[in-house]
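Engineer: Build me a model from this:
(chains A and B)
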Amino acid sequence: MSVTATGLDRIAAAFSSHGKRAALLPYLMGGHPDADSCTAAGLAAADAGADLIELGIPFSDPLADGPVIHAAATDALAAGATPHVVLQSCERIAERVPVVLLVYANVVLTAGAAQFVLRAASSGAAGLIVPDLPFDEAGEVRAACDAEGLALVPLVAPTTTPERTAEIGAEARGFVYTVSLRGTTGERAELPPGLADSVARVRASTEAPVAVGFGISTSEHARAVAEIADGVIVGSRMVRAAGEGGPEAVGAVTAELAAALASA
Amino acid sequence: MWLKREDLTHTGSHKINNALGQALLARRMGKPRVIAETGAGQHGVAAATACALLGLECMVYMGTEDIRRQQPNVQRMRLLGAEVVRVEAGAGTLKEAVSEAIRDWVTNVESTHYVIGSCVGPAPYPALVRDLQRRIGDEARAQLLERTGRLPDRAIACVGGGSNAIGTFVPFVADGSVELIGVEAAGDGLHTRRHSAPLTTGARGVLHGAMSAVLQDEEGQILEAHSVSAGLDYPGVGPEHAWLRDCGRVRYEAVPDGAALRAFRVVADREGILPALESSHAVAWVLENPAAGLDLITMSGRGDKDLAEVLALGEPA
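Structural biologist: The predicted model follows:
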């Protein structure tokens, strides 16, 4: 991949050349448990087979997140994490794998959409996910991302209507983040029933790859999702590993999931 | 000075207007379960009451600090059949209770209606709550015209999330002669970080699905609010208030804890009414800014719930 490749190009490459049943997208919380460990965890995940890293910018009021990621954000903020600190991790990790920042709307809008996207781009980010920015309100951020070659990755939930899924799919950049279940992030024992149908609905609405997240925590889950989607997002399991065992544990969990996704 | 006596409504505050309306909506939508958040406990009591009346299951999210300072309302909710869920995150006040209720709602939306307690949150809640609360202003306007033959010169209401204020103001917005004043909680003072006055001091931000005035730091992290009054202890405010401020129709002021506590005692001593600490902020502003004309103050709730807190703090300086 040339150094001048845009974020969109790098995400596309992550989905087309992973050599597994599906791309593996671990999520890590920026600045958690501290800035250096976060960077090291991202690099360990890259070494162990991650195809793209989702890197969270901690926010005081993360409405889409369950207890594990919420607590990680609270700890990261208490330890002094700021967008600037997380973008420094981004810069290092992005030398190895594409990084998509997961950031709540108020952090983007406080900086100013264009200014924030410029900072993200100059730190090597390939895209943004803004979970509390509704599709209809996203025009300014999407335009700012387009101008810098970054992907504004949209989310689709099980409650999203078919009409709205079609609108979102048509405007998707990078990939479509399909939320597997009704609820917040967090490990679950089982994948939700009806997931294959909702993923099929999303796939029919877009030309972008479809990745699935929320509640995916085991090798068995990952393999099942790889049957129906292009990418597997694993969040709370990774964040828990980062908090309990640091970069080594993140590498081990990533390796286990990558092995589960290996082609037969 | 005329008081609009929402403290005399069933359950003791204006919150019942909204809770009953939304509980009826829940029944109409066929949702058997209702969740609510509460700060002072007034909205939780109102939601629990409406659910008891309509046979709906009710769960109320409440911060640990608010549970501590609003014990009578916690007991009341339980007696009314609601489950009160402790929210430990953050400062244990209203902001975290709203967040937990939203998380429950997105998880259980098939069976559950979220009865939000103020004119905050994602659309259409700010408009829905405003429309259910405008009864306050509609009644006050009609009653004043009937009793005095005229409109008030000033209408004053306290603003936390802002539901009693938006309900008071909306029917008067087109009456250009009526000055509209919303009173926020200045807590320990606007020069400190310990206050709940986003309209007076805050920047534009997104909290709980709405863009409005929000207390936040330079990176966009939401700050904890502070007020002696649990019902005003919230770092955001309904977005329509921010619009009414920006277009110049409503003026927003802030009153510190001490002035509100003094007003509480004045109203009790002179009028024989125990006002809620929330409503005491509106009274305090009028006491400090007297005018010759006709004032309408919304007495949003009764102060029985605040007795322990007021007595523990002693005589204000």
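
Engineer: Spatially nearest residue to whichever residue of the stretch 101-250 of chain A sits closest to chain B, not counting backbone neighbours?
Structural biologist: Residue of the stretch 101-250 of chain A nearest chain B, by Cβ to the nearest Cβ: residue A:110 (3.2 Å). (Each C-beta comes from the backbone N, C-alpha and C, glycine too.) For residue A:110, ignoring the flanking residues on the chain, the nearest one in space by Cβ to Cβ, 6 or more residues apart in numbering or on different chains is residue B:220 at 3.2 Å.

Engineer: which ones are touching that neighbour?
Structural biologist: A:59, A:106, A:107, A:108, A:109, A:110, A:111, B:205 (Cβ atoms under 8 Å, 6 or more residues apart in numbering or on different chains).

Engineer: residue ranges with poor pLDDT in the stretch 201-317 of chain B?
Structural biologist: Residue ranges of the stretch 201-317 of chain B with pLDDT under 70: B:316-317.

Engineer: Quick check: the two most widely separated of the contacts of residue B:220?
Structural biologist: A:59 and A:111 (12.8 Å; Cβ to Cβ).

Engineer: quick one on the thing from earlier: which secondary structure state is assigned to the residue nearest to residue A:110?
Structural biologist: Three-state assignment for residue B:220 (DSSP: H, G, I helix; E, B strand; the rest coil): coil.

Engineer: can you pull the contacts of the residue of the stretch 101-250 of chain A closest to chain B?
Structural biologist: By Cβ under 8 Å, 6+ apart, the contact list for residue A:110 reads B:203, B:205, B:216, B:218, B:219, B:220.

Engineer: Name whatever forms a beta bridge with the second one.
Structural biologist: Looking back up the chat, that one is residue B:205. In this entry, residue B:205 is beta-bridged to residue B:212, by DSSP bridges.

Engineer: what about it, how many neighbours?
Structural biologist: Neighbours of residue B:205 under the rule other Cβ atoms under 10 Å in any protein chain shown: 23.

Engineer: Report how many residues lie close to residue A:197.
Structural biologist: 11.

Engineer: a helix runs through it, doesn't it?
Structural biologist: Yes - using three-state DSSP, the assignment for residue A:197 is a helix.

Engineer: in chain A, which spans are strands?
Structural biologist: A:23-29, A:53-56, A:99-102, A:127-129, A:151-152, A:155-156, A:176-179, A:210-213, A:231-234 (DSSP state E).

Engineer: Am I right that residue A:141 is in contact with residue A:108?
Structural biologist: Yes - here residue A:141 reaches residue A:108: they are 6.2 Å apart, a contact under Cβ atoms under 8 Å.

Engineer: Comparing these two, which residue is more hemmed in?
Structural biologist: Between residue A:141 and residue A:108, counted using other Cβ under 10 Å, residue A:108 has the larger neighbour count: 25 against 22.

Engineer: separation between the closest residue to that one other than its chain neighbours and residue A:106?
Structural biologist: Spatial nearest neighbour of residue A:108, excluding adjacent residues (Cβ to Cβ, 6+ apart): residue A:116 at 4.7 Å. Separation of residue A:116 from residue A:106 (Cβ to Cβ, to the nearest Å): 11 Å.

Engineer: now do residue A:258
Structural biologist: To residue A:106, residue A:258 is 34 Å away according to Cβ to Cβ.

Engineer: do residue B:193 as well
Structural biologist: Distance, residue B:193 to residue A:106, by Cβ to Cβ: 18 Å.

Engineer: How many neighbouring residues does residue B:247 have?
Structural biologist: Neighbour count of residue B:247, defined by other Cβ under 10 Å: 9.

Engineer: what's it sitting at in phi/psi?
Structural biologist: The phi/psi pair for residue B:247 (degrees, to the nearest 10) reads phi -90, psi 0.
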